[in-house]
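> For reference, the sequence and a predicted model appear below.
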Amino acid sequence: MTENPLLERATRFVSALRHCQVLGITAHQASEEGITLIMPYATHLVGDPQSGVIHGGALTSLMDTACGMATLCVLPEFEVCPTLDLRVDYMHPAAPHKPVYGFAQCYRVTTDVIFTRGFAFQDDPQQPIAHVVGTFMRMGKRLRGTQGLGSAIKGEQA
């Protein structure tokens, strides 16, 4: 057991998502201020074989997941919160053969919508690869057991 329950919950969440398994995404840090995920460099993520640059779709998946998981940092209990809108502004390509970090935070929580923002980076958070803003619909606790995901996140057996 770790001494960071948010990171523990995030680790369980990310390990239950198939796209995170395929992309190799793991939880790196989590606190009330936000969450950081890491996506290691892998040849199956490359979009341009000549340059070795990671495909933009993989980066979008990383950032959508980071923003969605940032809701775990602000909600007292797990809720299903699907993406309503996501905007990714790419600043420059990710350098080949290096992992990409995705940081996201919630900056406003209402009864129906959670507003998030974040950025992807490699070596220096001050030199982001991309900026992202997203909105997520609060479905409430009534769907938290959907397909066993709520149980997996809470650490229960499905």
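Done, it's in.

> and the one helix or strand Asp85 maps to, how far out from the chain's middle?
In the assignment (DSSP states H and E), Asp85 maps to strand 83-90. Chain-centre distance of strand 83-90: 12 Å, with Cα atoms, centre = their mean, to the nearest Å.

> which parts of that strand are buried?
Neighbour-count burial for strand 83-90, with 16 or more other Cβ atoms under 10 Å as criterion, is recorded at Leu86, Val88. Where you see a C-beta, it was placed from the backbone N, CA and C, and this is true even at glycine.

> which neighbours does that strand have in its sheet, and in what orientation?
Within its sheet, strand 83-90 is paired with strand 130-137 (antiparallel), according to DSSP bridges.

> residues in contact with the strand it pairs with?
Contacts to strand 130-137, defined as Cβ atoms under 8 Å, 6 or more residues apart in numbering, come from residues 59, 63-64, 66-68, 71, 81-91, 104, 112-120.

> quick revisit: pLDDT averaged over the strand holding Asp85, what's the number?
Strand 83-90 comes out with an average pLDDT of 97.

> elements contacting the helix or strand just after that strand?
Using DSSP H and E, the next helix or strand after strand 83-90 towards the C-terminus is strand 100-109. Applying 3 or more Cβ pairs under 8 Å, 6 or more residues apart in numbering; DSSP states H and E, one finds that strand 100-109 makes contact with strand 34-39, helix 56-70, strand 113-121.
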